[in-house]
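J.: Predicted model and sequence below, questions to follow.
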Amino acid sequence: MTYTLVGMSSLGTVQTEENNKDAQLFQMPLPTKDSVDAVILDLFGMMRTIIITGTFTGDAASQTAFIEELDALANGSQVGRNYHSDKGYGSDGAGNYKVLISSTRWKVEEGGINKIEYTINMMESKT
């Protein structure tokens, strides 16, 4: 599998990719009525979220560089980044998505001195 994200020189080993497309339906139950009578509207459109988790292994200098790139993904003035997944479909049908980064997380466990575990949460965007 090939995974790439603009802004990261390496994603290490991507272990999981979760891709969720949600209609964000607006539901309004009616007083004194059963759920079959609820009003459900598609007011907000579709939203796709993509979550990848992985591990990055390297010496202290490469770990520091990885963390700096990871932390720089989510900032106050984001522009769309290209994300590629061989399993994905993407807006071009070839697994390429334009995304904004909603959050990043990384951790190092005791004894895993050369390994960083990370999570990147992305939202598909036109920009």
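T.: Received it, and whenever you're ready, just let me know what you need. Just so it is clear, the structure is predicted and the values come from calculations on it, not from any experiment.
J.: Checking the residue lying farthest from the centre of the chain next. Helix, strand or coil?
T.: Seen from the C-alpha centroid of the chain, the residue lying at the greatest distance (Cα atoms, centre = their mean) is Thr32, 40.5 Å away. Classification of Thr32 by DSSP: H, G, I helix; E, B strand; the rest coil places it in coil.
J.: Over to Ala72?
T.: Applying three-state DSSP to Ala72 yields a three-state assignment of helix.
J.: give me the number of residues near it?
T.: 12 (other Cβ atoms under 10 Å). C-beta coordinates here come from the backbone N, C-alpha and C atoms, glycine included.
J.: I'd assumed Gly7 was in contact with it.
T.: Yes - counting by Cβ atoms under 8 Å, Ala72 touches Gly7, with 6.7 Å between them.
J.: Beta-bridge partners for His84, please?
T.: Note on His84: beta-bridge partners by DSSP bridges are Thr4, Asn96.
J.: my bad, should have said Val14
T.: Gly54.
J.: ok now do it, which residues does it touch?
T.: Met1, Tyr3, Ile52, Thr53, Gly54 (Cβ atoms under 8 Å, 6 or more residues apart in numbering).
J.: from the residues you listed, which is closest to Asn82?
T.: Nearest to Asn82 among the contacts of Val14 is Tyr3, at 11.6 Å by Cβ to Cβ.
J.: Can you give me the pLDDT of that closest one?
T.: pLDDT for Tyr3: 93.
J.: again, but for Ala60
T.: pLDDT, read off for Ala60, is 86.
J.: and it, how many residues sit next to it?
T.: Using other Cβ under 10 Å: Ala60 sits among 9 other residues.
J.: Can you give me the distance of it to Leu25?
T.: Separation of Ala60 from Leu25 (Cβ to Cβ, to the nearest Å): 48 Å.
J.: What of Asp42?
T.: Counting by Cβ to Cβ, the gap from Asp42 to Leu25 is 6 Å.
J.: and if you look at Arg81?
T.: In terms of Cβ to Cβ, Arg81 sits 28 Å off from Leu25.
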